[in-house]
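Asker: Provide a 3D model corresponding to the input given below.
(chains A and B)
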Amino acid sequence: MTDFPLPQTAPAYAELQVSSNFSFLRGASHAEELVLMAATKGLHAIAITDCNTLAGVVRGHTAHQPHRDRLNYIVGCRLDPVDGPSLLCYPTNRTAYARLCRLLTLGKRRAPKGECEIYLADIISHADGLLFIAVPPQVPDDTFRTQLIALKRHLSGRLWLAIGRFMDGFDSERLTFTEAVEAELAIPAVVTNDVHMHVRSRKPLQDVLTCIRHHCRIEDAGYRLFPNGERHVKSPQDMAKLFPTHPEWLARTIEIADQCQFSLSELRYEYPDENDGSGEGTQERLTRLTWEGAHKRYPDGIPDKVRGLIEAELKLIDELGYAPYFLTVHDIVAFARSQNILCQGRGSAANSSVCFCLHVTSVDPAKVELLFSRFISNARNEPPDIDVDFEHERREEVIQHIYQRYGRDRAGLTATVISYRSRSAIRDVGKVFGLPEDTIVKLTKTIWGSGSKGHMMK
Amino acid sequence: MQQRFLYLWLTHWKTDCHRIDMPKTGDDSPKPEPVVITRADHKGVLVCGSDKAAQSRGLAPGMRLAEARSIYPALRDLPEQPDLYERHLARLIRAMDRYSPWVARDRFLQETGQDGPMDGGDAGLWLEITGGSHLFGGESALLELVLRDVKSRGYAGRSAIADTAGAAWGAARCHPAPADQRILSLPRDHDIAAGFPISALRLPEQTRVTLFRLGLKHLGDITPMPRANITTRLGSEVLQRLDQFYGRLPEHLNFNLPDRPWLIRRSFGEPLGDAANLAIAVESMIAELCDNLAQENLGLRRIILRCVRVDGHTHTITLGTGSPCQSAPHVLRLLSEKMPGVDTGFGIEQVIVYAPWVEHVAFRQSRLDQQQEETTDQIALAQLIDRISHHLGPRDMLFHPGHHASHLPERASVRQAVNARTYPARRTDMTLPKRPVRLIDPPEPVEILARDTNGTPSRLRWRKMAVDIIHAEGPERICPEWWQCLDQDEYALSPKTRDYFRIRDQAGRLLWAFRTGTTGQDIWSIHGLFGD
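Answerer: Residues are numbered from 1 along each chain as shown, chains lettered A, B, ... in the order given. Below is the predicted model of the structure:
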């Protein structure tokens, strides 16, 4: 006999609040592990929502590809505004995704490196097509309630309230609060589990990360650690057991998940068409420039071997639509050469006679066997890659030229996400355990290589 | 007259102090286990003293404890107790009085080091014995006597006699002769001194290393060098120490003369025959002492009352206070509890009141409005603490519970020594889950008689009584601290993980119970009772 009627069908659940290790020093599992675990546990969907960043969603997306038929993957992000509660945010379509990216860029530009300064007003002005879940503090209070009322005014119909049972001693407070908010403010509640690790056994790592974040030793960390390992990926059955009285809260996760139809697969390179306004198509222009270059390279006549290569390559470039890319590189290199800035191209697509003719590279296809078609082909669904190295002292001139030509809002420097390398990881973990400096140094010296896959010698 | 100094180097000072204070374990084991003294700093736990057994295994002060442990896992470590060493040193200085009234402690050992005191767990004393050694049968006999005395007190030591404080310091460490021959008279023993290593000079570690790297390993290597060159390369300290060694530069030692004798001695022509008269005498003496102290803005931390009877028998009462005290009524009140123990016998002919330990009293401005001050309460509290702790005995009997940040309820409170000036650590302003004020220690297992649908008990037997549960709230899951238990793989849902419930019984009590173990084999225990 049970007091509560069990749901007729098997419960379904989508995990909408997941911090991967791209929430630096918070999440203890890789996005890949989280997605795989979600698929194993039979979740309807999983959203990677890292703190003020979308950096983790790409890894999750890649890991999700083999499980597309069983699991939905939601791109999301946790926004921590300066003047409001944390909000989980999910774009429903591509334009909303673009707005979210713009919002994050705005916040990150305002703040020093590594931080993000977003205000509720920014979020509201970028909110079109985004769904939001407000994350309550551990113990919801009146301040949070007031903030919810304000949010509700602007985000009505797109705002939910997260509720989780973390078994931290405040479950009943949160439950009461959530029920009251549902009844009085008409903000629907939705279950999340604030996932920080894919399995319970990651708790030690999670604790160590927390200590590194707070610069303290593990014995002194106290309440800064989670009391238990409940914030892991749980199966729909387990989640349903936690909320026997509110199956609708679980069902809403599915609702939200199904509204989020955006996938990273929709994103493609959007290349500026390199038309110069003369009415000449990009492919025609590339062909013309290539042959012109070829005549300059081989003033005594183009060798037959090279002629054949050029024809084959141009055909392939036409098929794949890469002509604008080659023209861009050509344009930049031409600018550099006109300013007498030294440059040299390399990369997979650079191993081509076209690049030789365009003066991007200096490897003569007549003398050296080039492997262009090995790297660029229909079979490999990869964009072409030409790296151009510039004289470092005058690199800035080239950068400014690119900004001028394409506009500051369209050209950018690549950003990297800083991650732990083995040595610094060992160093920080050693500090958490209170190891002496000398021992840490000795330990770090046993790491071979500097990469993230550095091997520890026994 | 040529001055003569005796330097006594207490090589394993800190460990010796601990060993002396440790209760005797009957038989002295032939092979003493290595012991190190540790101090926690921001980087971890530092070894700041080691005994002979530890040093012979390469466990030297300056190491980290974890490092020392990796060399000798079964290492015994004791936390540093500066006041213990201070007490022992003060006692030893008093004992050394019999060889010379001029005893100075070696402060160099405590001063060196870049970050904080980097002492090696040793200590040292200078005795100025100029013109006094013949009383003990010559310098060689004196050396032997001092060493034997120190050894009988349980301290390991090396000592030497030389013309200057610096030379005696160096000779005690580096003189190659046997213990009673370590005597240096400089013009004569110049060759011996020249053979001393650089470590015979009181130089910081870094300077010593630099000198060593330059190939200057002995005193004889430095002395012939042009002085200007040394100063430019190494700073003035090397020359200063060298000159002090050879007596070219005077050195000031802080001899341990009593600062100001906080002592009042009163002799009575007519012996005091009864307790009432004694009490009157003591009262006036204490009042005078406290008055003297108050003028210097000092307060006593310890007072010794010594009553000498006509038959030569003395009765001594020693009292301590938790904070510097200059209130005569309070001291008298503490004393009055012990005074009945004094047997006047045939009469007391002399009473001595002595405050061996005084401290500065923080000056407090009185309030303009003549209101009751908070500080008055504080003084009253301090006095109360003194009285209670004198009743109870050792000071650590009295403690107050303080808060410690830990999810585990047992570890969330610690005993803190009571001191009127420090308050117990409180729970931070963070919102923390509800906890009962008192825990039942150890938790009491209960028998489950009936269960609810979700597995929580609806009826249980606790303390042989059946308890009906009307409501259970929870769980609050608390994991064991994985860095303390090593079964890490399954720790997060190990049998040690507890699910706490607040359960209300029919009688209205709110119990704090937890469940451990796996499903089906779960054990329930009561861990506390909420007050509401």
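Asker: Name the nearest residue to the closest residue to chain B within the stretch 251-400 of chain A, sequence neighbours excluded.
Answerer: Evaluated by CB to the nearest CB, the stretch 251-400 of chain A has residue A:251 as its residue closest to chain B, separated by 21.4 Å. Where you see a C-beta, it was placed from the backbone N, CA and C, and this is true even at glycine. Among residues not flanking residue A:251 along the chain, residue A:12 sits closest, at 7.4 Å (CB to CB, 6 or more residues apart in numbering or on different chains).
Asker: swap in residue B:308?
Answerer: Counting by CB to CB, 6+ apart, residue B:308 lies nearest to residue B:350, which is 4.1 Å off, once chain neighbours are set aside.
Asker: Report the separation between that neighbour and residue B:285.
Answerer: Using CB to CB, to the nearest Å, one obtains 11 Å as the distance from residue B:350 to residue B:285.
Asker: Need the residues touching each of these two.
Answerer: Overlap between the neighbourhoods of residue B:350 and residue B:285 consists of residue B:266, taking contacts as CB atoms under 8 Å, 6 or more residues apart in numbering or on different chains.
Asker: Show me what the helix or strand harbouring residue A:397 is packed against.
Answerer: The secondary structure element spanning residue A:397 is helix A:395-406 (assigned by DSSP states H and E). Taking 3 or more CB pairs under 8 Å, 6 or more residues apart in numbering or on different chains; DSSP states H and E as contact, the helices and strands that helix A:395-406 lies on are helix A:323-338.
Asker: what sits against residue 19?
Answerer: Let's take chain A. Shown in contact with residue A:19 (CB under 8 Å, 6+ apart): A:26-27, A:49-51, A:78, A:194-196.
Asker: Correction: the question concerned chain B.
Answerer: For residue B:19, the set of contacting residues under the criterion of CB under 8 Å, 6+ apart consists of B:35, B:51, B:154.
Asker: Model confidence score at it, please.
Answerer: Model confidence at residue B:19, given as pLDDT, is 85.
Asker: ditto for residue B:161
Answerer: Reading off the confidence values, residue B:161 has pLDDT 92.
Asker: what's the helix or strand it falls within in contact with?
Answerer: Residue B:161 is located in strand B:157-162, with elements delineated by DSSP H and E. Residues outside strand B:157-162 that contact it (CB under 8 Å, 6+ apart): B:4-11, B:129, B:133, B:139, B:142-143, B:146-147, B:150-151, B:168, B:170-173, B:175, B:179, B:182-186.
Asker: and chain A, which of those residues reach it?
Answerer: Here nothing survives when the contacts of strand B:157-162 are matched to chain A using CB under 8 Å from any CB of the partner chain.
Asker: mind giving me the domain ranges of chain A?
Answerer: Chain A breaks down by automatic domain parsing into domains covering A:14-266, A:282-406, A:422-456.
Asker: most tightly surrounded among those?
Answerer: By mean neighbour count, with neighbours taken as mean count of other CB atoms under 10 Å in any protein chain shown, domain A:14-266 ranks first of the domains of chain A at a mean of 19.
Asker: other SSEs contacting whichever strand or helix holds the residue nearest to residue B:308?
Answerer: Per DSSP H and E: residue B:350 is located in strand B:348-360. Contact analysis of strand B:348-360 by 3+ CB pairs under 8 Å, 6+ apart lists strand B:263-272, helix B:275-295, strand B:298-309, strand B:314-325 as its packing neighbours.
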